[in-house]
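1. Pasting the sequence and the predicted coordinates here, then a few questions.
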Amino acid sequence: MSLEERLVTALKARGKKVTPQRRFIFQALEKESHRHPTAEEILKIVRKTLPDVSLTTVYNTLHNLVEMELLRQVDLGEGMTRFDTNTDIHHHLLCKRCGRLEDIHRQFRGVALPKEDARGFVVTSHQVIFEGVCPDCQTTTPTLKH
Ligand SMILES: [Zn+2]
Ligand SMILES: [Zn+2]
């Protein structure tokens, strides 16, 4: 089942309406899922087909999906929120030059927070982000900043 079908089925099961606009947003999410797109990136793609769609509509649609736990927000401290269509616990590989973000599905069992550092929290999961330079960026010279 495609992501679009999966989301439409889940929304209908919750008695929600699925407008054509939403369908285009789901399609854009699916197309860009490997990049973990931002709301602005989704808007850019949807506007190619629906020029009148607003950022508010895109935001609301994405946040509804997050509330229904059909989508996850990822904040890597880059000053933007990305959306992740993979709602299973997983880890990430981030290119520090172009912002490409890929999923890693391996488990890192050695990662544990000692009790004295947990500050009373009941820790239920953790995320590992590996940062570096992706293959594409390794072959291009970084642009000089003035
Ligand atoms: Zn890169
Ligand atoms: Zn991810």
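-> Sure thing, it's come through. Ligands and ions are numbered 1, 2, ... in the order given.
2. For this protein, what lies in contact range of ligand 2?
-> Applying Cβ under 5 Å from the ion, we find that the chain lies next to ligand 2 at 84, 86, 103. The way it works is simple: take the backbone N, C-alpha and C, and place the C-beta from them, glycine included.
3. how about a cut-off of 8 Å?
-> Listed as neighbours of ligand 2 in the chain under the rule Cβ under 8 Å from the ion: 36, 72, 74, 84, 85, 86, 90, 92, 101, 102, 103.
4. quick one: which two of these are the most distant?
-> Farthest-apart pair in these is 72 and 102; separation 14.9 Å (Cβ to Cβ).
5. who has more neighbours, these two?
-> Each of residue 72 and residue 102 has its neighbours counted (other Cβ atoms under 10 Å); residue 72 has more, 17 against 14.
6. related to what we said a few turns ago, buried members of the residues of the chain next to ligand 2 into ChimeraX, please.
-> Selection of the buried residues among those in ChimeraX, burial being defined by 16 or more other Cβ atoms under 10 Å:
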select :36,72,74,84,85,92,101
